[in-house]
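Peer 1: build me a structure from this.
(one chain, ligands or ions: 1)
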Amino acid sequence: MKEENPRFSIVDRIKSFKYAFNGLKIFFLKDHNGRIHFFAAVVAIGLSIYLKLSSLEWIALLSVISAVFVAEIINTSIENLADVVSPDYHPKIKIVKDLAAAAVLVCAFLALGVGGIIFIPKLFF
Ligand SMILES: Nc1ncnc2c1ncn2[C@@H]1O[C@H](COP(=O)(O)OP(=O)(O)OP(=O)(O)O)[C@@H](O)[C@H]1O
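Peer 2: Below is the predicted model of the structure:
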């Protein structure tokens with residue numbers, strides 16, 4: 001068990017970063033949804049460079065891309081935890097997993113809406 005309030009340690013802080021980057025590596029290399037989101041983000045960013053978005057449009061786009069990544073990473077984390085806690089079917093685990101998936105869906109709809117507002121006028125009008 002960890003000490004209640006350990007002294008500040010720069011080595012521990014660097015280790016925390018290492019663990020977080022390891023989480024990113026797991027998400028992008030091993031998680032199928034992570035790969036799909038990464039591919040979608042690369043396409044959206046490539047298109048944005050081509051269309052020369054304004055600063056505000058970039059801020060909106062990068063914000064929604066980040067929101068989708070954050071939601072999907074937390075969803076994947078919850079799924080992994082739930083699979084350890086309850087490998088067998090449990091009605092409460094269904095609710096937990098469905099709620100986590102709903103968070104991703106909300107962010108994905110937001111990203112679609114913002115992407116549509118930015119790209120549709122530039123591509124079709
Ligand atoms: N142990 C369980 N108990 C109850 N329901 C479960 C359980 N495991 C999965 N489910 C149900 O199946 C759905 C899909 O679960 P799963 O863990 O396979 O997520 P997924 O979205 O398919 O995962 P992935 O990220 O691999 O695509 C959940 O949203 C939930 O409704």
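
Peer 1: which strand or helix spans the residue lying closest to I118 once chain neighbours are set aside?
Peer 2: In space, and not counting its chain neighbours, I118 is closest to E57: 5.2 Å by CB to CB, 6 or more residues apart in numbering. Glycine gets a C-beta too; all of them are placed from N, C-alpha and C. Per DSSP states H and E, E57 falls inside helix 55-85.

Peer 1: what average pLDDT does that helix get?
Peer 2: Regarding helix 55-85, the rounded mean pLDDT is 97.

Peer 1: run a quick neighbour tally on the residue nearest to V64 when sequence neighbours are not counted.
Peer 2: Leaving aside its sequence neighbours, V64 sits nearest to A111 (CB to CB, 6+ apart; 4.1 Å). By the criterion of other CB atoms under 10 Å, A111 has 23 neighbours.

Peer 1: secondary structure element holding A111?
Peer 2: Under the criterion of DSSP H and E, A111 resides in helix 91-124.

Peer 1: that helix to helix 55-85, inter-axis angle?
Peer 2: 160 degrees (axes from the mean of the first three to the mean of the last three CA atoms, to 10 degrees).

Peer 1: what packs against helix 91-124?
Peer 2: For helix 91-124, the contact count by 3 or more CB pairs under 8 Å, 6 or more residues apart in numbering; DSSP states H and E identifies helix 32-51, helix 55-85 as packing neighbours.

Peer 1: on that earlier part again, now do the contacts for the residue nearest to V64.
Peer 2: Residues near A111 by CB atoms under 8 Å, 6 or more residues apart in numbering: V64, I65, A67, V68.

Peer 1: now it: how far from I26?
Peer 2: Using CB to CB, to the nearest Å, A111 is found at 22 Å from I26.

Peer 1: which residues of the chain lie near the ligand?
Peer 2: N33, E79, S86, Y89, H90, I93, K94, K97, D98, A101 (CB under 6 Å from any ligand atom).

Peer 1: on the three-state scheme, the fourth one is what?
Peer 2: The three-state assignment at Y89 reads coil, by DSSP: H, G, I helix; E, B strand; the rest coil.

Peer 1: show me what contacts it?
Peer 2: Counting by CB under 8 Å, 6+ apart, Y89 touches no other residue.
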